[in-house]
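J.: quick one, structure for this:
(2 chains)
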Amino acid sequence: MTFIAPIKFAIDLLAVLLLALGIKGLSKVRSAREANRLAAIAMILAAFGVLLNSQGTIGISINSWVWIIGGTLIGGLLGALTAKRVPMTAMPEIVALFNGCGGMSSLLVALGVALFPSAEGADGVVGELIRKFSIGVSLFVGAITFSGSIVAMAKLQGWLSTPSWTQSKARHFFNILCAVIALIGGIYLLIDGQNSLFLIVVASSLLGIGVTLPIGGADMPVVISLLNSYSGVAAAAAGFVVGSQLLIVAGAMVGAAGLILTQVMCDGMNRSLVSVLFGGALGASSIASVGGGGEYTNITSCSPEECALTLEAAERVVIVPGYGLAVAQAQHTLREVTRVLENADIEVTYAIHPVAGRMPGHMNVLLAEADVPYEQLKEMDVINPEFPATDVVLVLGANDVVNPQAKNDQTSPLYGMPVLDVQEARTVFVVKRGMSAGYSGIKNDLFDLQNTSMVFGDAKKVLGDLLLELKELGVGSKG
Amino acid sequence: MSFFSEALWVLLLGSLLGLELIGKVPPTLHTPLMSGANAISGITMLAALTLIIKSGDNLPLLIIGSISLGFALFNVVGGFLVTDRMLAMFSRKKTRK
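T.: Numbers count the residues shown, from 1 in each chain, chains lettered A, B, ... in the order given. As a prediction, this is how the structure comes out:
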């Protein structure tokens, strides 16, 4: 007993140190993989610390061991299986799912402690009050995290659409009502005890649904990042409930880091967090109100064949991959096309907008999966000055991030958003399914320009046709 | 009471640390970082462990604790593995060159 406490203390300190180094290292490309392992080791250490300490002080019964091992095996195996099986394109959904489960875990801990208060929890009146407060916070945040994450996942998977009532003012009433009920439940919990537990859980869950449901697909990553931050807060609250400082530190770190990451994402999309959360789906509202500057007047469309002929004559080609490419899962076909071009000594680079893909950084992952060399991916600030010297730009399923309105039109809602200056290139091909607007619902002036041609069709199909045409032309086959 | 006053300090300093740790993140790493941080938030498994250990022979509590532990481990194991899978694709390119 006398020497176990210091050991546990040392393990906890080491775990916190490793976790902090892990989060730090994850923000640098070179150290990211080791950092992730470091964080994983920290978690194992922390769990070992808890088990060691408990075994040495109060002892762990056989019964407890059975339930510990059972929960560990089932949760761990399911997690490992999911992580191995999930396609890289489904990454936003899977992060949401994992995150929701973390929230659920915190919720259940708080519920367990509240339903069966142990006799030893005598910390005086103030301590008891703080404990109940922590339970309330843990339930509230945990439930929002869980229900919000599950809704986010279902919407990203296309299982749920956006019901029309969620776009009206009624949803604010609904959400405020849920929040007020949860708050009343919380106050009641402080005064009286157990009776309001389920009220808090139900009201908070409904609030999580009500807030997440109206949010459009492209804004969802921001919400997932925010919910990720919440699950940290929920973990910290659970730390107060069971009296674990390690949990409080780790939860607080994730909560704060998640907030910063959310802010970074919002900046990349030129959206404020407030408008993401309370503005509803941008596309739905702004078409009616803003209109984005009228009709298209000068659309040129062309076939994959013409596109192939132009590509054949080019020396420098820049690919702009976007959300549409990720949705069509066309990154592998794209890689084949660029291989053919590279064989013909055509220089190919990829222009990556900060929010390309289904969430920031997602496109880099998808292209890496398709074996695109890391050096060919260029960030916006690097590639923008190079567009005037570029022969052909191929825009694949990107829209708002190549809209010149963001630079030229002060009245445009997009004004000020960082964009790729593709119109500077000699020829621009835009591969797109139809003339529908991007998620902002705003007309894209790029499509009207002289040097822009539209190639209509699903990104994967168009790229497949393009590949055939290039091969027929004999491009890149001479080696 | 002493635990709670200490714990509040811990909360404050932990939050400040979290704010400082992520300064400038290259866009490439947004997705893996989010996924990695997400895995760390599964640290709530410690709370679930504590709950099970302290519940003695209370069956409902054991069940709640065990389910909670399962959810947390789903988050932790899945989160770390999926992050590793993503990061492996970046480093693979580097070593081959």
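
J.: up against chain B, what does the stretch 351-479 of chain A have?
T.: A:352, A:354-355, A:357, A:359-362, A:364-365, A:368-369, A:371, A:373-375, A:377, A:379 (C-beta under 8 Å from any C-beta of the partner chain). No exception for glycine: its C-beta is placed from N, CA and C like everyone else's.

J.: would you map the helices across the stretch 101-250 of chain A?
T.: Taking DSSP state H, counting those that start in this stretch as the test, the helices found in the stretch 101-250 of chain A are A:124-157, A:170-191, A:197-212, A:220-242, A:245-269.

J.: pull out the buried positions in the next helix-or-strand element following the last one.
T.: I take that to be helix A:245-269. Per DSSP states H and E, the first helix or strand lying C-terminal to helix A:245-269 is helix A:273-278. Neighbour counts over helix A:273-278 (16 or more other C-beta atoms under 10 Å in any protein chain shown) mark A:273, A:276-277 as buried.

J.: same deal with stretch A:190-201?
T.: Neighbour count says stretch A:190-201 has A:196-197, A:199-201 buried, by 16+ other C-beta under 10 Å.

J.: out of the helices of the stretch 101-250 of chain A, which is closest to chain B?
T.: In terms of C-beta to the nearest C-beta, the element of these nearest to chain B is helix A:245-269, at 2.9 Å.

J.: may I see the buried residues of that closest one?
T.: A:245-266, A:268-269.

J.: max-length helix in chain B?
T.: Looking across chain B with DSSP state H, the single longest helix is helix B:59-96.

J.: now that one: mean pLDDT?
T.: Averaged across helix B:59-96, the pLDDT comes to 86.

J.: and chain B, which of the buried residues of helix A:245-269 contact it?
T.: A:245-261, A:264-265, A:268.

J.: tally of neighbours for residue 44?
T.: Since you didn't name a chain, this refers to chain A. Counted with other C-beta atoms under 10 Å in any protein chain shown, the neighbours of A:Ile44 add up to 12.

J.: hmm, I had chain B in mind actually
T.: Neighbour count for B:Thr44, taken as other C-beta under 10 Å: 39.

J.: also A:Leu78?
T.: Using other C-beta under 10 Å, A:Leu78 is surrounded by 17 other residues.

J.: likewise A:Ala170?
T.: Residues within reach of A:Ala170, counting by other C-beta under 10 Å, total 11.

J.: dump the residue contacts of the most centrally placed residue in chain B.
T.: Among the residues of chain B, the one closest to the centroid is B:Ile40, at 1.6 Å (C-alpha atoms, centre = their mean). Going by C-beta atoms under 8 Å, 6 or more residues apart in numbering or on different chains, B:Ile40 touches A:19, A:22-23, A:39, A:43, A:232, A:250, A:253-254, B:79.

J.: just A:Ser27 next, same as before
T.: Residues near A:Ser27 by C-beta under 8 Å, 6+ apart: B:21-26, B:29, B:33.

J.: in JSON lines: these, plus distance to chain A.
T.: Below are the contacts of A:Ser27 laid out as JSON lines (distance: C-beta to the nearest C-beta, whole Å):
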{"residue": "B:Leu21", "distance to chain A": "5"}
{"residue": "B:Ile22", "distance to chain A": "5"}
{"residue": "B:Gly23", "distance to chain A": "7"}
{"residue": "B:Lys24", "distance to chain A": "8"}
{"residue": "B:Val25", "distance to chain A": "4"}
{"residue": "B:Pro26", "distance to chain A": "6"}
{"residue": "B:Leu29", "distance to chain A": "6"}
{"residue": "B:Leu33", "distance to chain A": "5"}
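
J.: filter those residues to the buried ones?
T.: Neighbour counting with 16+ other C-beta under 10 Å marks B:21-22, B:25, B:29, B:33 as buried within those.

J.: go ahead and confirm A:Met152 touches A:Ile224.
T.: Actually, residue A:152 is Ala rather than Met. Yes. Applying C-beta atoms under 8 Å as the test, A:Ala152 and A:Ile224 come out as touching, 5.5 Å apart.

J.: any chance of the buried residues of helix A:273-278 in a markdown table with distance to B:Leu69 as columns?
T.: Converted to a markdown table, those look like this (distance: C-beta to C-beta, whole Å):
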| residue | distance to B:Leu69 |
| --- | --- |
| A:Leu273 | 33 |
| A:Val276 | 33 |
| A:Leu277 | 32 |
